[in-house]
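Chemist: generate a structure from the sequence data that follows.
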Amino acid sequence: MSNSNIYHEMIIDYSRNPINFGTLVKPDIFMHDSNPLCGDSIDLYMNVNNEQSISEVKFNGKGCAICIACTSVLTEMTKGKKIDDVIKINKTDVLSELGLQKLNPVRIKCALLSLKILKFSIYSYLSDKMKTEDTKSEKLVKLKEDASHLY
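Modeler: You can find the predicted model right below:
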């Protein structure tokens, strides 16, 4: 079986049986976004523990197979990781997990919607946290810039 067939089957399996699909009742982090070009709509929920690690992550919504598969993979990549490590996840990390490095511009938005949501949600979480700590962070500025330049 070729790599493209394996990846194709993985995408179908993740889209039919997404991992971490559901909601969290009172999440520490929540964000919604959508891709009007193809109708993808994703809600991302996360809880953060005292060590600043993602203790729980869920997503809900609807979307094409690529969107749901990438969101499912991304939630697996983030669960249990420290926020500092989650921030470093980039589009190559997500796309290569499913062999999607050569997507056309319309499909890239499907594949990266959840990463965009993840980056902006953590940006918002850290921004709110820093407001209470009255500090500024270069890391926060970089995260916002990363999220705004995904595609």
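Chemist: all helices of the protein, in order?
Modeler: Shown for the chain, the helices assigned by DSSP state H span residues 3-16, 65-78, 83-87, 91-97, 105-133, 138-148.
Chemist: could you say which of these is packed most deeply?
Modeler: Sort the helices of the chain by mean neighbour count, taking mean count of other CB atoms under 10 Å, and helix 65-78 sits at the top with a mean of 24. The way it works is simple: take the backbone N, C-alpha and C, and place the C-beta from them, glycine included.
Chemist: how about residues contacting that helix?
Modeler: 10-12, 14-15, 18-21, 35, 38, 40, 42, 44, 46, 54, 57-59, 61, 63, 86, 89, 93-95, 97-98, 100, 103, 107, 110-115, 118 (CB atoms under 8 Å, 6 or more residues apart in numbering).
Chemist: same for the lowest-mean-pLDDT helix or strand in the chain, what does it pack against?
Modeler: For the chain, scoring each helix and strand by mean pLDDT, DSSP states H and E identifies helix 138-148 as the least confident one, at a mean of 70. The criterion is 3 or more CB pairs under 8 Å, 6 or more residues apart in numbering; DSSP states H and E, and the helices and strands that helix 138-148 contacts are helix 83-87, helix 105-133.
Chemist: packing partners of the last one?
Modeler: Counting contacts by 3+ CB pairs under 8 Å, 6+ apart, helix 105-133 packs against strand 29-35, strand 40-48, helix 65-78, helix 83-87, helix 91-97, helix 138-148.
Chemist: quick one: low-confidence parts of the protein?
Modeler: Filtered on pLDDT under 70, the chain yields the residue ranges 1-7, 131-140, 150-151.
Chemist: residues touching Leu98, list them.
Modeler: Leu98 sits next to 7, 10-11, 14, 66, 69-70, 73, 111 when contact means CB under 8 Å, 6+ apart.
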